Every structure is written in C-alpha cells, then in structure tokens.
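In: the sequence and its predicted three-dimensional model are supplied below.
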Amino acid sequence: MVTVNPNATYQEIRLRKDPHKGKEKSAPYREYRRKWEEYPQKQIVGEFPIHLDIETTNACNARCVICPHQHMRRPVERMDDALFGRIVDECAAWRCREIHLHNFGEPLLDKRLEERVRYAKEKGIAKVKIFSNGSLLTAERARGLIEAGLDEIKISFDGATREEFEAIRRPLQFDRVVGNVEHLVKVRDELGARMKIGVACCSTTDRQATMETLAKRVDDFSFGKIHNWASEGQPAGRTGIRKPCARLWRTFTVLASGDIALCCLDYDGQHVLGRLDGATTIREIFDSPAYREVRRQHRQARQAEIALCAQCSKAFL
C-alpha cells in the first residue's frame, strides 16, 4: 500500500494501471502538456483555451459542509442544448483536447449528461471528464456513461469512516456511494472500457484510512488542501505577493446560463467576463478586453483590485 503524505498540498496516487497508458506518448498529448505548463509560465495567450469547464447544471443534491452551494444566489438551471452544442462545436473546430462537464453542481442531475458526453466524443474531443459525488451513479447511469464514451470520472469523497463521511457530505449515504463506485468499476471492467475512475479528497482527518476504503477498487486517489472558495473571507496566514493565477492562461469556465465566470471558484458568477449569447464566441471572449485586463492585473501583482482574487487562498502557479 502506498503511504499518503498527510501534509501535502496536493498528492496524486496511482493505484492501478492507467487505462489510458500510452496516450501520453502521442504528439497531441505532448503538445497539450507543453501548453499546459508553458503558457502560464511565459504568460502566453493561446488562440483558444487549453481546457474548458462546462457547467451543464448548477443543481446539487448534497449540502456538504465544505461547500458554499447553499449560499449560491444565481438561479439553478440546466444548460440549454443549443448552447451546449455551440460550445462543443467550437471546441472541436479549434481542436481543444479536454473538456470537463461540471463546475458548481452535480452533473448527474443533468438527465441528458450521457447524450452530451456522446456528442462531445463524436465531435472528436479527446478527453471528456466529470467530477461527481457518486450518490446518483445508479447501475443504469454507470453503464450509460461508459457506453457514451466518458473518459474519466472523479468521485468527491471525504471521510475515513461512515460517520465522518456522512457528517461532511450531507445528506449522502456512505454505503450507497461506496456501492455505486464498486459497481461502476465492475461494469467498466466487464465492458472492457478504458474509462479512468478516481477519487478526489480535500477534507478528511485520516488520509491513509480514507484511501484504504476504496484503494482496491479505483484507479487513483488525489488529495488536496481545502480552499476558501475565493469569496469566503480573508485567508489566514497568507503573506507576500501572489504569483499570477495559471487559470487565466489555461482554462475557461462556462456557467449553465452561458456566462463566462472568472474561474471555477466563482460559484456565484460575481465576476463575469462575457456571455455566449450565440453572437459571441469562446475565442472572442478569451482574448477580450475584460480577460486581458484581468491578466494584466495579475501580471502587475494587482490581484487585490479584483474582489475574488483578493480573497482567494488557492494558488495555481
């Protein structure tokens, strides 16, 4: 068993052979990774975002104590099908390699999620991924996502015991989530699919024990430090000048409404950089005056002038 570092800011642990092993040797993947590392470091604005977070719904069936979803003031909605189609079509046209069909909600509450995954794969998107709390991952939906071509799913899971899990991830049931993950792995293996199944954890008293709960079932575990969701008050203990946030050069966050949020931590859409209204494109917004100004403020260490960035405890670069 791999030993978990209890103090690591971020640690990813491989538990089983990567079902996508070999892809990292391909030229498109190497180019993707080059841009991922180089663009933020050299502050290069590409022709198109390297990666998109597409919020197909901002509804959630959980009330986790580590999440401010209950304080969200924007309307709960599902992304319009036509809008989703336009987003994927533009991503495909620009050969965007990776999209995530989640942001600030439980993606399995979107009844058309499987259709959306299938559409993205048919359009040639190399990697389609979701984060889920796992509670709605029924046998039918597990098979549907696998058959649609989903490349990766991460289950958000916190708690070394049933009691701790259910205290953090209210009102989810520990046994149901564990059972759903076990069934997903079983169906994936029976179908011979290459979908990667992992677990993401950010709040637990015993990381080692938490990992051992599902270690024999999933492909990997990732552990990160809990953050303050940008707007949840001044983080304690932060000193010095922060470096520019890598997300401004890497990613693009589309809310269910079509608004473009500053980043994935802007759960209430407080800082909108544009809107995909059918007349404006992703490419235009990514290199718009609003986006350029935020990047300029970060380069000049003026993050304090941006309300969300001034409060954010999460460093990406």
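Out: Received it, and whenever you're ready, just let me know what you need.
In: residues contacting stretch 288-296, please?
Out: Outside of stretch 288-296, the residues within contact range by C-beta atoms under 8 Å, 6 or more residues apart in numbering are Gln43, Val45, Pro244, Leu248, Trp249, Leu262, Leu273, Gly274, Ile285, Arg302, Ile306. C-beta: built from backbone N, CA, C; applies to glycine.
In: the same query, at a cut-off of 6 Å, please.
Out: With contacts defined as C-beta atoms under 6 Å, 6 or more residues apart in numbering, stretch 288-296 is touched by Leu248, Leu273, Gly274.
In: cool, stretch 248-257 as well?
Out: Outside stretch 248-257, the residues that touch it by C-beta under 6 Å, 6+ apart are 39-40, 49-55, 57-58, 77, 79, 261, 263-264, 269, 295.
In: of those residues, grab the buried ones for ChimeraX.
Out: This is how ChimeraX selects the buried members of the contacts of stretch 248-257, with burial counted by 16 or more other C-beta atoms under 10 Å:
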select :39,40,49,50,51,52,53,54,55,57,58,79,261,263,264,269,295
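In: let's see which of the contacts of stretch 248-257 end up in strands.
Out: Judged by DSSP state E, the contacts of stretch 248-257 include His51, Leu52, Asp53, Ile54, Ala261 as members of strands.
In: now, which of the residues you listed sits nearest Arg162?
Out: Closest approach to Arg162 among these (C-beta to C-beta): Asp53, at 31.2 Å.
In: wait, isn't the closest one in contact with His100?
Out: Yes. Between Asp53 and His100 there is a contact under C-beta atoms under 6 Å: 4.9 Å.
In: pull up the overlap in contacts between the two.
Out: Common neighbours of Asp53 and His100 (C-beta under 6 Å, 6+ apart) do not exist.
In: next, the buried residues of stretch 206-213.
Out: Residues Arg207, Thr210, Met211, Thr213 are the ones in stretch 206-213 that count as buried (16+ other C-beta under 10 Å).
In: mind putting those residues into TSV with pLDDT and secondary structure?
Out: Below are these laid out as TSV (pLDDT from 0 to 100; DSSP: H, G, I helix; E, B strand; the rest coil):
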residue	pLDDT	secondary structure
Arg207	78	helix
Thr210	79	helix
Met211	80	helix
Thr213	81	helix
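In: got JSON lines for these, with distance to Arg30 too?
Out: What follows is those, written out as JSON lines (distance: C-beta to C-beta, whole Å):
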{"residue": "Arg207", "distance to Arg30": "32"}
{"residue": "Thr210", "distance to Arg30": "33"}
{"residue": "Met211", "distance to Arg30": "30"}
{"residue": "Thr213", "distance to Arg30": "35"}
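In: read off the pLDDT value for Lys25.
Out: Note for Lys25: predicted pLDDT of 68.
In: before we move on, back to that, which among the buried residues of stretch 206-213 gets closest to Arg143?
Out: Distance to Arg143, by C-beta to C-beta, is smallest for Thr213 among those, at 23.9 Å.
In: so how far is Leu184 from the closest one?
Out: 15 Å (C-beta to C-beta, to the nearest Å).
In: and Ser222, by the same measure?
Out: Taken as C-beta to C-beta, the span from Ser222 to Leu184 is 17 Å.
In: neighbour-wise, which of those two wins?
Out: Leu184 (26 against 14; other C-beta atoms under 10 Å).
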